[in-house]
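*Asks:* pasting the sequence and the predicted model now:
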Amino acid sequence: MGADSGSGESSLGKLFLPALTLASFSTGPIGVLAALLLIDIGDTFGTTVGVTSQINTSYSIAAVVFALLASVLSLKLKSKPLLLAGIFLMVVSVLGCYFAPDFVTLFVFFSISGAGYALVNPMTFALVGEHFPLEKRSGAIGLVVASGALVYVLGAPVIALMSGFGGWRFPLSGFVLPILLASLLMGFVGLPSASRNRNALSNSETPSGFKEIFMSKSAVACLVGDTFRSAAFVAVLFYSTSFFRERFSLPTDLASLILLSGALSYVVGSLTAGQLVKRLGRKPATVLTALLSGIFTVAYVFVPIIEISIALMLVAAWFFGMLASSANSLTLEQIPNHRGPMMSIDTAVINVGSAVGSAIGGLALLHFGYEGLASALGAIGIVSAIVFSLLAKDPTTK
């Protein structure tokens, strides 16, 4: 009741929300580095782009496995030590990648970052739910989501610039590692150790925590809806740059600017979602933004005029940012006594959704072109809106 009533908000330190947003931001740079400098990494170890790209596969697999593990650990341990453990794992990962003498070593240590992310991401949301009053949670979640996406806007140019001076290892040691260390320090100092509205469960009670989650039709609906929205987002996040390069013959530098613009649009959307949630409520905001993001995902590939196509893609990214914040706000409230496990499982299904979306998108692109890709993934986004609308409930409203 303490967090819901807002009585504990004044007791939070000034570093609490900055520590959460920095933690969210700090998990992103290593992924941006891998995406930008995949060719450079491959040149170092004599591997092709196809082989080198498998470090992202190892990251995703580790993220899913450790997100499920975190769902168990969060029933027994507090959110702060789990979050700090995740950041520490990412520090180990960066150091291992920096000193990696061969590709196999790099492959193993890069996957550790996926494990770290799987601990950090759900615990940031769990801490918001445990310590912020109900009326301020959507705004805090918007900041956390935005900070995670902001790394594409701020981190990409910094990493690209630093790599020009010292190769792909230099931004690892000069940018990625310092941010993680700063996040580790700020989290240790700024995050409260005590949870306001949860108690660790005994071993005998642990299965009942999972039973409560999976016996809730609304909670399962949120997990399914999040899987679908994550799959749909692939059409904007992964395929839009290639679409503009191939369809309109854009050079790489201009296409990268479009990607940065899409990331910025996503950030602004996630920041403005709090106001939409306050006006409409968690569930209506989630349903509306899921529907619109799916529609605009389909629309942007069918327009033959590049300026309008770009504008529609940016609108889709905007609504996906709003959707991420509103959907996380809705999911967080499903099982108040088990927010850590709920958000850990949600992290796992979101990673599964991204993998499924990439697979479906790739097959649709191969057989039906970009129109088929956008139609398939956009339809999945619309299905997510239907799932949220028909099956999910907002426990905070009567």
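*Replies:* All right, it came through fine. Numbering: from 1, shown residues only.
*Asks:* from here on, just use CA atoms for contacts and neighbour counts.
*Replies:* Will do.
*Asks:* tell me where the stretch 1-150 of the chain is predicted with low confidence.
*Replies:* Counting by pLDDT under 70, the stretch 1-150 of the chain shows low-confidence ranges at 1-12.
*Asks:* state the mean pLDDT of the host helix or strand of residue 390.
*Replies:* In the assignment (DSSP states H and E), residue 390 maps to helix 339-391. Helix 339-391 comes out with an average pLDDT of 91.
*Asks:* domain boundaries for this protein, per the record?
*Replies:* Domain assignment of the chain by automatic domain parsing yields the ranges 13-191, 204-398.
*Asks:* before we move on, the earlier item: which strands and helices sit next to the helix holding residue 390?
*Replies:* helix 54-76, helix 103-131, helix 217-237, helix 282-302, helix 306-332 (3 or more CA pairs under 8 Å, 6 or more residues apart in numbering; DSSP states H and E).
*Asks:* nearest to residue 348, out of the ones you listed?
*Replies:* Closest to residue 348 of the helices and strands packed on helix 339-391 is helix 54-76 (CA to CA; 4.5 Å).
*Asks:* rewinding a little: now the domains of the chain as a markdown table including mean neighbour count?
*Replies:* Shown next, in a markdown table, are the domains of the chain (neighbours: other CA atoms under 10 Å):
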| stretch | mean neighbour count |
| --- | --- |
| domain 13-191 | 21 |
| domain 204-398 | 21 |
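*Asks:* tell me the spacing between the nearest residue to residue 295 once chain neighbours are set aside and residue 349.
*Replies:* Setting aside the residues directly before and after it, residue 295 is nearest to residue 378 in space (CA to CA, 6 or more residues apart in numbering), at 6.2 Å. Noted for residue 378: a distance of 18 Å to residue 349, by CA to CA, to the nearest Å.
*Asks:* what's the answer for residue 172, then?
*Replies:* From residue 172 across to residue 349, the span is 28 Å (CA to CA).
*Asks:* ok, the closest residue to residue 213 other than its chain neighbours - contacts?
*Replies:* Spatially, and ignoring its direct neighbours in sequence, residue 213 is nearest to residue 219 (6.2 Å; CA to CA, 6+ apart). Listed by CA atoms under 8 Å, 6 or more residues apart in numbering, the contact set of residue 219 reads 213, 331, 334-335, 392.
*Asks:* would you mind measuring from residue 219 to residue 352?
*Replies:* In this structure, residue 219 and residue 352 are 17 Å apart, going by CA to CA.
*Asks:* got it, and residue 245?
*Replies:* Distance from residue 245 to residue 352, by CA to CA: 27 Å.
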